[in-house]
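S.K.: give me coordinates for this.
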Amino acid sequence: MTSMNQSYSRKVTWLILIVSIVKMITASLIELGNDEVYYWTYALQPDWNHFDHPPMVGWMIRATTLNLHWVSDLSLRLGSILCAALSTWFIFKTGKLIANEKAGWYAALIYNCSVYTGIIAGLFTLPDSPQMPLWTGALYIMGHLFIKNEENKTSIWLLLGFMIGLATLCKVHGLFLWAGFGLFLILTRPKWLLNWRLYTAALVTVICVLPIVYWNVGNDFITYRFHSERVTHTTIQWDMLGREIAGEFAYQNPVVFILILISLVALLRKRIRFNRKRASTWLLCMSLPMIFLFWGVSLLNPTLPHWSGPAYIPLFFVGGLYLEQRSFNLFPGFIKVAGSLLLIVLIAGVGLVRLSPINFGSHSKENYGEYCPTLDLSGWKAFSDSFAVLSKTDMASGTMKAASPILIQKWFPGGHLELYTSRAAALPVISVGSLQDVHKFAWLNKVRKPLQLGDDAYAIVPSNLPLNVEEAYGQYFTTIVAPVVIKQKRSGGVVRYFYVYRLKGCKLVPKPILP
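M.R.: Residues are numbered from 1 along each chain as shown. The predicted structure is shown next:
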């Protein structure tokens, strides 16, 4: 290894260390968001699959919380941070493999400047988080196969199949890895389609995803019915395509997105070239079809920009090559601007979440704080402590019966109530609503003591998520007491109200959500 190689390897190590420390500090300063607290339920009740997604994110949370013995905002996000660190290393190694160390260094920087890979999947706890090192690791293995002509090494193929299988256990679109690589083989290595090792690797992937199929067989394929309902509309709406592209522009970091576009044009016009034959074809096969697919889906259905997030990862190498051939700086201008923008947004976001005396949503009494994103990440710990005091006083005085559960109608704010409030007050959460609204909570109901005639319960309504409690629970209880109001304050300003309703005397037991 040359001194230059040692230099870039050391720089990547420092990059990983510094970025990870910044993320751990950030993770400790803000509470978990709606999606993050929801995936806490995957860790509470591990399974082979869940209503919305496969099980990997729950397993990751189990690991980083030391089997739920260390539960904090940091511990729940630690897996995402570690996965991003490992992904950065895979990006660097793959860049070195298909170009050189300098291009790998730039690609690693781009990876950490992207909002999707650096923050959404690299800090927050989502199914995408454990998928990232598996996705980038699979890319690295593919590179080894076709660049070093290792198509006759069975172990490499088996490892590839295993990595893609595990990626699919995070989110089912991990199978796009096979689709992209298959297209590449058809275009450039058709003889490999006769290699039995390829199909053995695919079989390993199938074995890995059998738990998903097994669970869905026993649950009427609810996962696929749920997701199919999100993508089966038939009316073309160009504005939704525009929103999808605009969302990708923001999620990838506007500066990174522009860099990728410029780099793609340079690659297609042959102004930049990879040293390794067919590397550019491979990267395009692993990215553009998936991006175009989600653009097509967005024409007919509402989509979320992070769905196509992994498709941009191969294009980071194109950006890295572009910078490698045009810059002599350790941190090129594109990287400085992209990194500065990301850091400013991160600092400003944390500051607003913790200190803003106003909410940035509705100021109407009926839905005070609705649409304010900062309320998803703040206020729940303080409220939960206040509620714990209130509920203990209620039960000590006989106002409420012992172990009165907290009822929910939807998975949000159900997730926050499960992680913060239920644990602080030592009271169970029970869902009363439709499966489409409560999701995973329907399965948690099956292992918890159900409501019985004569029971009392609490209903907690944050003002930013309004709910007509009489309409939702009136048929089940004799009396609904006027709510206790608990204020969420930041820097002296009230940003949200929590309404705590006492539901007295269950007169009708809600029907089970699941048979």
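
S.K.: which residues in the protein form strands?
M.R.: 406-408, 429-431, 457-462, 477-490, 493-506 (DSSP state E).

S.K.: contact partners of the one helix or strand in the chain whose mean pLDDT sits lowest?
M.R.: The helix or strand of the chain with the poorest confidence is helix 222-228; it has a mean of 79 (mean pLDDT, DSSP states H and E). Around helix 222-228, the neighbours that count as contacts under CB atoms under 8 Å, 6 or more residues apart in numbering are 49-53, 212, 215-216, 435-436. The way it works is simple: take the backbone N, C-alpha and C, and place the C-beta from them, glycine included.

S.K.: repeat that with 6 Å
M.R.: Asn216 (CB atoms under 6 Å, 6 or more residues apart in numbering).

S.K.: just to revisit the earlier point, and the strands of the chain as TSV, adding distance to Leu166, mean pLDDT and mean neighbour count?
M.R.: Listed next are those as TSV, based on distance: least, CB to CB, whole Å; pLDDT from 0 to 100; neighbours: other CB atoms under 10 Å:
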stretch	distance to Leu166	mean pLDDT	mean neighbour count
strand 406-408	32	98	24
strand 429-431	30	98	23
strand 457-462	37	98	23
strand 477-490	40	98	16
strand 493-506	39	98	20
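
S.K.: how about those strands in TSV, adding distance to Ser397?
M.R.: Below are these laid out as TSV (distance: least, CB to CB, whole Å):
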stretch	distance to Ser397
strand 406-408	19
strand 429-431	23
strand 457-462	15
strand 477-490	13
strand 493-506	12
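
S.K.: closest one to Ala442 among those strands?
M.R.: In terms of CB to CB, the element of the strands of the chain nearest to Ala442 is strand 429-431, at 6.2 Å.

S.K.: check which helices and strands that closest one sits against.
M.R.: strand 406-408 (3 or more CB pairs under 6 Å, 6 or more residues apart in numbering; DSSP states H and E).

S.K.: okay, now the sheet partners of the strand it packs on, with direction.
M.R.: Pairing partners of strand 406-408, with direction, according to DSSP bridges: strand 429-431 (parallel), strand 457-462 (parallel).

S.K.: what sits up against it?
M.R.: 414, 417, 427, 429-432, 457-459.

S.K.: tell me the confidence at the closest residue to Ser263 other than its chain neighbours?
M.R.: The shortest distance from Ser263 to any non-neighbouring residue, by CB to CB, 6 or more residues apart in numbering, is to Tyr322 (3.8 Å). What the model reports as pLDDT for Tyr322 is 98.

S.K.: got it, and Gln237?
M.R.: For Gln237, the predicted pLDDT is 89.

S.K.: so that it lines up with my notes, have the first residue be 504 from now on.
M.R.: With 504 as the first residue, the last one maps to Gln740.

S.K.: do you know how far it is from Met793?
M.R.: According to CB to CB, to the nearest Å, Gln740 and Met793 sit 21 Å apart.

S.K.: more neighbours: which of those two?
M.R.: Remark: of Gln740 and Met793, Met793 carries more neighbours, 22 against 14, as counted by other CB atoms under 10 Å.

S.K.: so the more buried one sits right up against Phe679, yeah?
M.R.: Yes - if you go by CB atoms under 6 Å, Met793 and Phe679 touch, sitting 5.1 Å apart.

S.K.: distance of Leu770 from Ile763?
M.R.: 10 Å.

S.K.: sorry, wrong one. I was asking about Lys674.
M.R.: Distance from Lys674 to Ile763, by CB to CB: 22 Å.

S.K.: many thanks, I have nothing further to ask.
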